[in-house]
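# Give me a 3D structure for the following:
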Amino acid sequence: MMRRVLLALTAVVSAVPAWTAAPSGGTDGARAALVAAGEQWWARSPDPRNPVACATCHHDPALTRGWAASFPKFKPLPPPDGRVMTLLQATAEAVRRHYGLADPEPVAVAVAAFLDRQGAGLALSPGVAAGQPVFEMRLRALAASVARGRTLYVKRCGDCHDAEAVAAAALAFPRVVGNRAESLERFLERHRPIGRRLSWDSPATADLIAFLVSTLAGPRTGVEASTDAGAPARDSAWRVP
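Residues are numbered from 1 along each chain as shown. Model (predicted):
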């Protein structure tokens with residue numbers, strides 16, 4: 001089962017090895033295989049000509065542990081590409097840029113699952129990562145994203161779904177369905193509420209998820225997300241990546 005999951009994750013990436021993990025059964029085993037694949041991608045570049053991997057620069061787990069809990073957040077990419085992104089979107093951008101993969105999504109889902117597992121037990125803190133500087137401009141951009149996401153949710157989803165219930169259900173992602181890993185972003189793309197379909201890597205999808213995360217995290221001035229002890233902990237069930 002786990003080997004089939006890993007093969008599915010890498011099937012779309014030509015000439016890239018499929019990572020393996022120790023056999024295990026059931027949903028927990030499939031999830032463990034996804035995390036193990038992400039750890040391998042994190043530690044090793046698929047391009048033998050360019051051995052620089054994620055871990056080459058980001059090798060200290062103490063510094064990367066809070067990454068997952070800090071998304072969605074504004075990513076200051078070179079103009080005009082800077083915008084609020086989810087963990088999966090930001091990871092896919094990094095995988096595409098540094099690993100040179102034409103389709104970064106399968107690898108990005110696995111890496112995001114690995115980062116999510118690293119952050120088990122941390123409180124949600126959108127826009128704020130422990131030990132990292134806080135920029136007011138980025139917090140304002142996130143607050144604007146949350147506001148857009150709220151409007152989008154009301155228009156697309158509000159007639160049928162309660163926001164708090166949907167936000168809680170988002171904790172099940174990424175999940176393994178059959179032999180395929182599915183992210184929250186891709187699920188939202190395939191879901192068919194009112195309005196046109198949203199692309200998994202679009203700013204609109206980031207806005208929608210930013211609103212859902214703010215619903216989970218509670219109010220916080222400027223960001224609408226809490227970093228105090230009362231905020232929900234991000235455990236291995238919180239999987240947005």
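# quick one: buried residues of stretch 136-143?
Using 16 or more other CB atoms under 10 Å as the test for burial, stretch 136-143 gives Arg138, Leu139, Ala141, Leu142, Ala143. Backbone N, C-alpha and C define where each C-beta goes, glycine included.
# show me where this structure has helices.
Taking DSSP state H as the test, the helices found in the chain are 2-10, 26-43, 54-57, 61-64, 87-99, 105-118, 136-156, 163-169, 184-190, 203-217.
# Among the ones you listed, show me which one is buried the most.
helix 105-118 (a mean of 27; mean count of other CB atoms under 10 Å).
# Who are the packing partners of that one?
helix 2-10, helix 26-43, helix 61-64, helix 87-99, strand 180-182 (3 or more CB pairs under 8 Å, 6 or more residues apart in numbering; DSSP states H and E).
# same for the third one, what does it pack against?
Looking back up the chat, that one is helix 61-64. helix 105-118.
# Any idea how far the helix it packs on is from the middle of the chain?
7 Å (CA atoms, centre = their mean, to the nearest Å).
# the inter-axis angle of it versus helix 26-43?
100 degrees (axes from the mean of the first three to the mean of the last three CA atoms, to 10 degrees).
# Now Gly38: closest residue in space, sequence neighbours ignored.
Leaving aside its sequence neighbours, Gly38 sits nearest to Phe114 (CB to CB, 6 or more residues apart in numbering; 3.0 Å).
# give me every residue that touches the one you found.
Val35, Ala37, Gly38, Glu39, Trp41, Trp42 (CB atoms under 8 Å, 6 or more residues apart in numbering).
# at 7 Å instead, please
Phe114 is in contact with Val35, Gly38, Glu39, Trp42, counting by CB atoms under 7 Å, 6 or more residues apart in numbering.
# surely the first one meets Arg117?
I take that to be Val35. Yes. In this structure Val35 lies within contact range of Arg117 using CB atoms under 7 Å: 4.9 Å.
# just to revisit the earlier point, reformat the helices of the chain as CSV; add distance to Gly127.
Formatted as CSV, the helices of the chain follow (distance: least, CB to CB, whole Å):
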stretch, distance to Gly127
helix 2-10, 29
helix 26-43, 23
helix 54-57, 22
helix 61-64, 17
helix 87-99, 13
helix 105-118, 16
helix 136-156, 4
helix 163-169, 17
helix 184-190, 18
helix 203-217, 9
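# and the residue nearest to Ile209 when sequence neighbours are not counted, how many neighbours?
Leaving aside its sequence neighbours, Ile209 sits nearest to Thr86 (CB to CB, 6+ apart; 5.1 Å). Counted with other CB atoms under 10 Å, residues neighbouring Thr86 total 27.
# Would you mind measuring from Thr86 to Glu185?
Separation of Thr86 from Glu185 (CB to CB, to the nearest Å): 6 Å.
# Arg31 now?
18 Å.
# now Ala62
To Glu185, Ala62 is 28 Å away according to CB to CB.
# cool, and Pro203?
Pro203 sits 12 Å away from Glu185, going by CB to CB.
# remind me which residues of the protein are low pLDDT?
1-26, 193, 217-241 (pLDDT under 70).
# I figured Ala108 hits Leu88, correct?
Yes. The pair Ala108 / Leu88 is scored as a contact, 5.8 Å apart, by CB under 7 Å.
# what's around Ala181, how many residues?
Neighbours around Ala181, by other CB under 10 Å: 29.
# What are the neighbouring residues in contact with the residue nearest to it when sequence neighbours are not counted?
What sits nearest to Ala181 in space, not counting adjacent residues and going by CB to CB, 6+ apart, is Val109, at 4.9 Å. Val109 sits next to Leu88, Pro174, Ala181, Ser183, Pro241 when contact means CB under 7 Å, 6+ apart.
# For the residues you listed, name the two members farthest from one another.
For those, with distances taken as CB to CB, the pair at the greatest spread is Leu88 and Ala181 (10.7 Å).
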